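[1] okay, structure incoming, though there's no sequence with it:
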């Protein structure tokens with residue numbers, strides 16, 4: 001039924017993730033539209049509490065030989081996958097939320113007397129640093145990774161495109177354009193906003209209910225298995 005539906009993932013999927021789509025009768029094209037460069041992490045000026053908003057920042061910190069000196073510090077993070085990665089590696093996550101704005105509100109209402117180190121990437125949004133400033137919370141910021149755009153031309157048109165970050169949207173559009181018949185599936189509202197900013201109609205944007213690759217894929221499968229009115 002779906003053998004003509006082609007799905008483009010803007011990151012290379014894990015084999016089991018790709019299999020979900022194939023099992024649903026969808027064709028899959030995948031390519032990495034961004035790459036990550038990790039920086040050496042200096043931890044000597046790290047505050048008493050830590051903030052992570054992505055798995056990439058966690059991965060970068062885990063690469064330092066001094067990571068054991070950080071594992072005793074309480075952690076506040078964004079995203080269930082970020083939380084899982086931290087806990088798997090010996091960190092205690094005191095609070096986690098799905099979005100950075102929600103985390104800022106918790107820090108401001110419950111933990112404003114603490115101080116923090118925010119481990120970030122080069123394309124991070126202002127939500128965390130500006131929110132901490134607005135609440136007069138003491139913090140410093142350490143940039144621990146860089147997101148590099150890796151644009152490439154997709155030769156075969158896709159009916160559905162999976163996006164996992166605003167930078168993925170930006171990279172895709174360097175060598176490709178949006179088409180009238182496409183549906184867009186986003187891991188979260190920050191990514192969907194990048195599409196809205198590019199004048200994509202909101203009725204063609206579908207957002208994961210949980211910020212994971214797996215749930216983004218579920219949205220694709222549910223969309224194409226549901227009969228569409230003509």
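    All right, it came through fine. If you're wondering where the values come from, they're calculated on a predicted model, not measured in any experiment. Numbers count the residues shown, from 1 in each chain.
[2] got a pLDDT number for the closest residue to residue 153 other than its chain neighbours?
    Once flanking residues are discounted, residue 153 sits nearest to residue 175: 4.4 Å by C-beta to C-beta, 6 or more residues apart in numbering. Where you see a C-beta, it was placed from the backbone N, CA and C, and this is true even at glycine. pLDDT for residue 175: 97.
[3] OK, contacts around residue 175?
    Residue 175 is in contact with 151-154, counting by C-beta atoms under 8 Å, 6 or more residues apart in numbering.
[4] can you give me the buried ones in the strand of greatest length in the chain?
    Identified as the longest strand of the chain according to DSSP state E is strand 138-149. Across strand 138-149, burial judged by 16 or more other C-beta atoms under 10 Å covers 139, 142, 144-145, 147.
[5] hang on, residue 206 in a strand?
    Yes. Checked against DSSP: H, G, I helix; E, B strand; the rest coil, residue 206 lies within a strand.
[6] mind checking pLDDT for it?
    Looking at residue 206, the pLDDT reads 98.
[7] beta partners for it?
    residue 185 (DSSP bridges).
[8] re the thing from before, so which residues make contact with the longest strand of the chain?
    Strand 138-149 is contacted from outside by 33-39, 41-42, 45-47, 51, 56-57, 59-61, 114-123, 129, 132, 165, 167, 170-171, 174, using C-beta under 8 Å, 6+ apart.
[9] ok, and the most crowded of the contacts of residue 175?
    residue 154 (16 neighbours; other C-beta atoms under 10 Å).
[10] check which helix or strand covers residue 47.
    Here residue 47 sits in a region with no helix or strand, counting by DSSP states H and E.
[11] who touches it in this structure?
    Residue 47 touches 115-117, 138-140, counting by C-beta under 8 Å, 6+ apart.
[12] in CSV: those, plus pLDDT and distance to residue 179.
    Listed next are those as CSV, based on pLDDT from 0 to 100; distance: C-beta to C-beta, whole Å:
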residue, pLDDT, distance to residue 179
115, 98, 49
116, 98, 43
117, 98, 43
138, 98, 48
139, 98, 43
140, 97, 44
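[13] in the helix ranked longest in the chain, which residues are buried?
    Longest helix in the chain, counting residues (DSSP state H): helix 213-225. Across helix 213-225, burial judged by 16+ other C-beta under 10 Å covers 213, 215-221, 224.
[14] fine by me, we can end here.
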